[in-house]
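Chemist: A structural model of the following input is requested.
(2 chains, ligands or ions: 2)
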Amino acid sequence: MTEAAPQFISWSWIAENFSDTIVPAIIGHVYLSAVSVAIAVLISLPAGILAAKRRGLYAPITAFTGLLFTIPSLALFTILVTVPGIGIGPNAVIIALVAYSLLVLIRNVVAGLDSVPAETIDAAKGMGLTSRQILFRVELPLALPVIVAGVRIATVTVIGIATIGAYVGGGGLGTLIFDGINRNFSTMVITGAVLATALAVAADLLLLGVERYLRPWARRKQEEAA
Amino acid sequence: MIEFREVSKVYPDSDAPAVRELSFTIPDGEICVLVGPSGCGKTTTMRMVNRLIEPSSGEILIDGEPNTAMSGTELRRSIGYAIQQIGLFPHRTIAENIATVPALLNWSRDRIRSRVDELLELVGLEPDRYRDRYPAELSGGQQQRVGVARAMAADPPIMLMDEPFGAVDPITRERLQDEFLNIQQNIRKTVVFVTHDIDEAIKLGDRIAILEQGGTLARYDTPENILSEPGSEFVASFIGGDRVLKRLSLTRVGEVELEPPNGEKDLPRIDERMTLRDALSELLGRGAGKGVVTGDGGVRGAISIDAIREMFRTGETPRD
Ligand SMILES: Nc1ncnc2c1ncn2[C@@H]1O[C@H](COP(=O)(O)OP(=O)(O)OP(=O)(O)O)[C@@H](O)[C@H]1O
Ligand SMILES: [Mg+2]
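Modeler: Numbering: from 1, shown residues only, chains lettered A, B, ... in the order given. Ligands and ions are numbered 1, 2, ... in the order given. Okay, the predicted model is just below:
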């Protein structure tokens, strides 16, 4: 490697290390983020449905996940590493990222379910749909765009915080940033930061597309208005 | 046949009943309109029929069987349900909305498709044009039509309708009412229809149940009988000071005995499909005492203000 290159960005370093260092870092980052958001969604869906149906649970659930959200990320990573069975590596990072995603995801699941018009549910019940059919055929489909909007926010947040995970050996684009700082090599820092941002923007646009796709009824109306 | 037997409903956290010891019977194939001031318990009464609300005491029999004999969901699939807010599924097309109950009942795809088209035709929406639209792409009046079509989809013998034409302008409402009466002539459902509009009640109801504040039944009778003899102060004030005119609107010119046309010229023309009320208004407006009644086959006879007055003076109902 060309240590301590004098220029701000060394294009030759990027070219030389593209397939060996940069691509694995991108893949690692996508892996960390995707797995974390996926696990968080799997937890948040039932938790959010429960909180929406049993209103008494909403306050304690959001209080707890809100508390998780306020823990400084560097501190949380470091604490998790000391927990036996977790240790250094991606698992500690994934657990922390899941914890950070819960608040926004659960809130959006509840907000999505709340946004379903009462008369739509009444009509469904009046026609003889069971509570389960109402949940899966009416409430969740109508709540889905709001839920996906929550997934968007969570994903963008997670992609950003995941860079810090490199500090505890989580891998990903943070590795480039931390290594660059240690070696006082700006090219690595900039490459890691730019790629993390690009990843966040790409994920955001992708999920925005998903959000639109999930509401064909509104999409067609917008097109007509346009 | 729907039979209410001393049905009461007290909501939790409420000391006064919303519906109090209601007993009345709705014969098969009739439209029973529940009418009364806001908060008198009309919606509560209607929703107890398909057990969206469970009565606190008393029972409701459908064709002699208590409506608790089957599960709530099973019961509701066998009863049509349409509400003022319509409650169409925004994420489902018009066809999918209408097909809701048939799909729950596992009808075949072909049967559902032809039923949807049949219903769209029935409520005056061109199937090819509307079937694949989403509810947001329809006007309020068109959505109300779809709501009614959806309620009729599985051809249920009983329909519950809570102000189904409430959310549209008066002209559209009138048209929807006329269309509904036309449809009902052929399908003869047993309909529980809620409204707070006494004119709608008189127009649509074979029988009218007038509820009083506190959910007691003030009167249950035909529009004709209620208008000719309100029987109580509350009913009289609820139906309004123009009850004689309202009675006139129950009868169409073609239904009464006409005088022979004696060739008088320059008389206003009265279509035999007009109500007596509109005919009277037309005669008064033209300053004429008499008009020539016309129908599809030409002149049918003549009708005079005196004759209309006579019908009501003797107290006999012009329809009898
Ligand atoms: N879910 C409920 N919980 C408690 N009280 C209720 C509930 N639903 C209705 N009520 C009360 O019961 C009474 C009857 O209500 P209902 O909705 O049956 O009246 P309504 O005749 O349909 O009125 P409107 O013409 O305004 O629709 C009202 O006093 C209302 O406040
Ligand atoms: Mg009501």
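
Chemist: Give me the buried positions along the longest helix anywhere in chain A.
Modeler: Ranked by number of residues, the top helix in chain A under DSSP state H is helix A:23-53. By neighbour count with 16 or more other Cβ atoms under 10 Å in any protein chain shown, helix A:23-53 contains the buried residues A:25-26, A:28-33, A:35-37, A:39-41, A:43-44, A:47-49, A:51-52. Where you see a C-beta, it was placed from the backbone N, CA and C, and this is true even at glycine.

Chemist: Quick check: residues of the stretch 101-250 of chain B near chain A?
Modeler: Neighbours of chain A within the stretch 101-250 of chain B, by Cβ under 8 Å from any Cβ of the partner chain: B:Val101, B:Leu104, B:Tyr134, B:Pro135, B:Ala136, B:Glu137, B:Gly147, B:Arg150, B:Leu160.

Chemist: Could you say which helix or strand holds the first one?
Modeler: The reference is to B:Val101. Using DSSP states H and E, B:Val101 maps to helix B:100-104.

Chemist: Off-centre distance for that helix?
Modeler: 25 Å (Cα atoms, centre = their mean, to the nearest Å).

Chemist: Tell me the helices and strands packed up against it.
Modeler: Contact here means 3 or more Cβ pairs under 8 Å, 6 or more residues apart in numbering or on different chains; DSSP states H and E; on that basis helix B:100-104 packs against helix B:109-122.

Chemist: Just the buried positions in the helix it packs on, please.
Modeler: B:Ile112, B:Arg113, B:Arg115, B:Val116, B:Asp117, B:Leu119, B:Leu120, B:Leu122.

Chemist: Between the residues of the stretch 101-250 of chain B next to chain A, identify the one with the most neighbours.
Modeler: B:Arg150 (29 neighbours; other Cβ atoms under 10 Å in any protein chain shown).

Chemist: Just give the closest residue to that one, not the sequence neighbours.
Modeler: Nearest non-adjacent residue to B:Arg150, counting by Cβ to Cβ, 6 or more residues apart in numbering or on different chains: B:Ile98, 4.8 Å away.

Chemist: Point me to the residue of the stretch 101-250 of chain B nearest chain A.
Modeler: Residue nearest to chain A within the stretch 101-250 of chain B (Cβ to the nearest Cβ): B:Tyr134, separated by 3.8 Å.

Chemist: That residue - nearest residue in space that isn't next to it in sequence?
Modeler: A:Trp217 (3.8 Å).

Chemist: got it, and A:Ala51?
Modeler: Counting by Cβ to Cβ, 6+ apart, the nearest residue to A:Ala51 once its immediate chain neighbours are dropped is A:Tyr58, at 4.3 Å.

Chemist: do the same with A:Ala193
Modeler: A:Ile177 (6.2 Å).

Chemist: quick one, what contacts that neighbour?
Modeler: A:Thr163, A:Ala166, A:Met188, A:Val189, A:Gly192, A:Ala193, A:Ala196 (Cβ atoms under 8 Å, 6 or more residues apart in numbering or on different chains).

Chemist: Give me the pLDDT for the first one.
Modeler: This points to A:Thr163. Per-residue pLDDT puts A:Thr163 at 95.

Chemist: Around the residue nearest to it when sequence neighbours are not counted, count how many other residues there are.
Modeler: Computed as Cβ to Cβ, 6+ apart, the closest residue to A:Thr163 that is not its neighbour in sequence is A:Gly174, at 3.7 Å. Residues within reach of A:Gly174, counting by other Cβ under 10 Å, total 25.

Chemist: mind checking how far A:Gly174 is from B:Asp110?
Modeler: 59 Å (Cβ to Cβ, to the nearest Å).

Chemist: neighbours around B:Pro164, how many?
Modeler: B:Pro164 - counted by other Cβ under 10 Å - has 26 other residues nearby.

Chemist: Appreciated, that's everything.
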